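[1] Fold the following.
(chains A and B)
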Amino acid sequence: MKLFWNCHLYNDSFWGKYHYKNSNMWVNDIFGSVKFSEINGIDQVKPDEKLIIIDSEIYKKKLFYERLFNKNKKIYLVHLGDEGGKINRNFYSNFLHVFRTFYFNNFANSSRITCIPVGYKTGPVKNSINLNKRKYIWNFLGTIHGASRYDLMLQNQHIKPNYINITKKFGGENSLGPNEYYGVMSNTIFSLVSHGYYHPETYRLYESLESGCIPIIENPHNFFDIFLPKNPIIKINLWKESREIIEDLNSNNKKKLDLSNSIQDWWINYKSNLRNEIKKILNV
Amino acid sequence: MFNKKEFEDIYQSIKNNQKDKAQKNLKLFREKYDLDPDYLYLMAEFLILEKRFYQAIDTIHVSLLVENDDRFLLKNNFKKSTQELINKKYNLLGDLFEIIDITELSKQAKNLNSPKDQVFFFKKLQKLMPGISFNK
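    Below you'll find the model as predicted:
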């Protein structure tokens, strides 16, 4: 089986480069137990050979895919991005199976599509600092799009010490580098995870889980109960709820640690099940 | 209150808590009017039925942004909302800020006595929530 990263090719865009640079650790995490050899060009795959292609912004690569489908019929797609769920579903029928980020109900009911978490940004992830010895009670790192993120900051501003780094846009000039970013995450107890720009899911949730933080997530339409069943993550509808939750948990080290352990156990188990499911689908 | 009769009907559906009917009709007009200031107000009202309060605030915010962009209105043949509806938008913002527990903004939004006050508040909102924009 061959694996080919195509996000950054045939299209000069921010997101293509972003996924190539920042999603490889996550993709390796969940596909890593599958035996494949990574190739640099599509000419390195034989017509009867299975191929996993990792891509984003597919709608800009029509010609590339026309050529690929003429050559090979045994293709699995890992479709990154597509936060708005705008892909034409018919396109997916060209693949043996599609693994896509950003869950939508209309993709979930297809046996040939598996929705996977958006995952975490590549970097020196660490989870070695004991929860009760972490420096920051909560953090917010990112852009203030609108009301939710503004409220998140306002409702929790008096809970200190905290770490706040507001950026003007995603990946903007004052964004923290990977070392600094994961340094802060691994030294924070509660990570407040707001709704994404269009979709409820954001990278922050998975970065928080990898860093051993207790995520508190905004949960519109019970999205995270549907997408990540039986997860013990704290879910809120309005950020005023988070203030009380943080204050309560932070005053009880045992309760806080027990919750953190149950979240970490669930996440490890979730990833293990996902890896097994992927292997089963790929028939390896 | 609305520039179009169809919008009045959607408004009545929302006020009568007829979610399915309102959703169906909002969907019907989405392609043509998704950035019409009146349509955006109706979307915000619908989001409140769905208890999506943050998205409702953001949607009114976009409605006000469009409202204040004469060039965009002209280009798309959209009309400004009536003053009655503009007042309702600010009142609704006041209600929403109360729900999410931002008392100060709630009080301010509910006590805007003139269009000049409304513009002042709108500019404040833009500073506080700078990421809200719309695709021109």
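[2] Show me where chain A has its strands.
    Along chain A, counting by DSSP state E, strands occupy A:2-5, A:37-39, A:51-55, A:75-79, A:97-101, A:113-116, A:136-143, A:162-167, A:188-193, A:214-218, A:234-236.
[3] Near chain B, which residues of the stretch 1-150 of chain A are found?
    Neighbours of chain B within the stretch 1-150 of chain A, by C-beta under 8 Å from any C-beta of the partner chain: A:T143, A:I144, A:H145, A:G146, A:A147, A:S148, A:R149, A:Y150. All C-beta spots, glycine's among them, are computed from the backbone N, C-alpha and C.
[4] Rebuild those as a markdown table, extending it with neighbour count and pLDDT.
    A markdown table is the format used below for these (neighbours: other C-beta atoms under 10 Å in any protein chain shown; pLDDT from 0 to 100):
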| residue | neighbour count | pLDDT |
| --- | --- | --- |
| A:T143 | 17 | 86 |
| A:I144 | 21 | 85 |
| A:H145 | 21 | 81 |
| A:G146 | 25 | 91 |
| A:A147 | 30 | 96 |
| A:S148 | 22 | 95 |
| A:R149 | 22 | 94 |
| A:Y150 | 24 | 95 |
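[5] For A:N88, state which of those residues is nearest.
    Set against A:N88, the nearest of those by C-beta to C-beta is A:H145 (27.4 Å).
[6] ok so, going back, so which of the strands of chain A is the most surrounded?
    strand A:188-193 (a mean of 26; mean count of other C-beta atoms under 10 Å in any protein chain shown).
[7] quick check: mean pLDDT across that one?
    The average pLDDT within strand A:188-193 is 97.
[8] Chain B: helices as residue ranges?
    B:5-15, B:19-33, B:37-49, B:53-67, B:70-75, B:83-99, B:103-110, B:115-128 (DSSP state H).
[9] returning to that earlier point: wait, which of the strands of chain A is closest to A:S260?
    Closest among the strands of chain A, once you apply C-beta to C-beta, is strand A:214-218, at 5.4 Å.
[10] got a pLDDT number for A:K168?
    pLDDT, read off for A:K168, is 79.
[11] how about it, what does it touch?
    A:K168 makes contact with A:T143, A:N174, B:P130 under the criterion C-beta atoms under 8 Å, 6 or more residues apart in numbering or on different chains.
[12] quick revisit: nearest to chain A, out of the helices of chain B?
    Closest approach to chain A among the helices of chain B (C-beta to the nearest C-beta): helix B:53-67, 3.8 Å.
[13] Around chain A, which positions in chain B sit nearby?
    B:50-55, B:57-58, B:61, B:96, B:99-102, B:128-132.
[14] among these, which ones are buried?
    Buried members of these, counted by 16 or more other C-beta atoms under 10 Å in any protein chain shown: B:52-55, B:57-58, B:61, B:96, B:99-100, B:102, B:128-129, B:131-132.
[15] and the two most separated of these?
    Greatest spacing in these, by C-beta to C-beta: B:I99 and B:G131 (20.8 Å).
[16] so can I have a markdown table of the residues of the stretch 1-150 of chain A next to chain B showing distance to A:Q44?
    Listed next are the residues of the stretch 1-150 of chain A next to chain B as a markdown table, based on distance: C-beta to C-beta, whole Å:
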| residue | distance to A:Q44 |
| --- | --- |
| A:T143 | 39 |
| A:I144 | 45 |
| A:H145 | 42 |
| A:G146 | 45 |
| A:A147 | 49 |
| A:S148 | 45 |
| A:R149 | 44 |
| A:Y150 | 49 |
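[17] what's the most distant pair in the residues you listed?
    A:T143 and A:A147 (13.3 Å).
[18] roughly how far is stretch A:6-22 from the heart of the chain?
    How far stretch A:6-22 lies from its chain's middle: 16 Å, per C-alpha atoms, centre = their mean, to the nearest Å.
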